[in-house]
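[1] I would like to see how this sequence folds:
(2 chains)
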Amino acid sequence: ELKVEQNPLFLSMQEGKNYTIYCNYSTTSDRLYWYRQDPGKSLESLFVLLSNGAVKQEGRLMASLDTKARLSTLHITAAVHDLSATYFCAVDVRYNFNKFYFGSGTKLNVKP
Amino acid sequence: GAVVSQHPSWVICKSGTSVKIECRSLDFQATTMFWYRQFPKQSLMLMATSNEGSKATYEQGVEKDKFLINHASLTLSTLTVTSAHPEDSSFYICSASSNQGYQPQHFGDGTRLSIL
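    This next block holds a predicted model:
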């Protein structure tokens, strides 16, 4: 069974600081997704990483994918309070109707 | 971008009631739809995968007689929670995919179900 592990599970940080969230997965997959979820809301797509070495950036967030290491990172630069949310990574399985396997989520709290 | 509409967004009902949740793909044909359940402060748990015109595939531990899924058209899937009880209270999220070449899943806004 495919496992997706996210670290850390909870992160509290001051505004202006940098930090990285890690997402490890246990099987071969070349597609990885990052989502944001605000309390009581559904998922908002942040990044779709489709190949080894892919790097995408949007504002203060940057995501990368290393398929050989089965590792994706979500780097936060100069955090602001508005980034407070729960972040999920997910890996899909193409041969199984593109089923998603989600990490446990990282709850980020950025203190103003 | 692709839009998935989920309805209702919040429902409160008494124990023993059956509740139907709709998931519609508004601007694309969804050959595959997924239903997830999320408990507070937890990740999304896949309940079932449904392909248009065929029976849903349920994940281990999910009661198919309890959670009835219908995917009768390329734009609509429904999840019916039958004879709901308080332990069925949760946040239910659907997603849809077209399976044409590479297509990501597009998520609905979720349905908060509260059973009294």
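[2] what does chain A put close to chain B?
    A:31, A:33, A:35, A:40-43, A:45, A:48, A:50, A:88, A:92, A:97-105, A:107 (C-beta under 8 Å from any C-beta of the partner chain). C-beta: built from backbone N, CA, C; applies to glycine.
[3] For B:E87, what are phi and psi?
    B:E87 adopts backbone torsions of phi -70, psi -10, taken as degrees, to the nearest 10.
[4] The spatially closest residue to A:Y19 that is not a sequence neighbour and A:A63, how far apart?
    Spatially, and ignoring its direct neighbours in sequence, A:Y19 is nearest to A:I76 (5.1 Å; C-beta to C-beta, 6 or more residues apart in numbering or on different chains). In this view, A:I76 and A:A63 are 10 Å apart by C-beta to C-beta, to the nearest Å.
[5] Strands of chain B, start to end?
    B:4-7, B:10-13, B:19-25, B:32-38, B:44-51, B:57-58, B:67-73, B:76-81, B:90-97, B:106-107, B:111-115 (DSSP state E).
[6] Make TSV from these and add distance to A:P8 to it.
    Shown next, in TSV, are the strands of chain B (distance: least, C-beta to C-beta, whole Å):
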stretch	distance to A:P8
strand B:4-7	30
strand B:10-13	31
strand B:19-25	32
strand B:32-38	20
strand B:44-51	19
strand B:57-58	32
strand B:67-73	32
strand B:76-81	33
strand B:90-97	23
strand B:106-107	24
strand B:111-115	27
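[7] Columns distance to chain A on top of those, output as a markdown table?
    A markdown table is the format used below for those (distance: least, C-beta to the nearest C-beta, whole Å):
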| stretch | distance to chain A |
| --- | --- |
| strand B:4-7 | 8 |
| strand B:10-13 | 9 |
| strand B:19-25 | 11 |
| strand B:32-38 | 5 |
| strand B:44-51 | 5 |
| strand B:57-58 | 8 |
| strand B:67-73 | 12 |
| strand B:76-81 | 13 |
| strand B:90-97 | 5 |
| strand B:106-107 | 5 |
| strand B:111-115 | 7 |
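[8] I'd like these as TSV, with mean neighbour count appended.
    Output for the strands of chain B, formatted as TSV (neighbours: other C-beta atoms under 10 Å in any protein chain shown):
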stretch	mean neighbour count
strand B:4-7	19
strand B:10-13	14
strand B:19-25	21
strand B:32-38	24
strand B:44-51	22
strand B:57-58	17
strand B:67-73	18
strand B:76-81	22
strand B:90-97	26
strand B:106-107	23
strand B:111-115	18
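[9] Return the nearest residue of chain B with respect to chain A.
    Distances between chain B and chain A by C-beta to the nearest C-beta are smallest at B:G110, namely 4.1 Å.
[10] Please tell me the pLDDT value assigned to that residue.
    Looking at B:G110, its pLDDT is 94.
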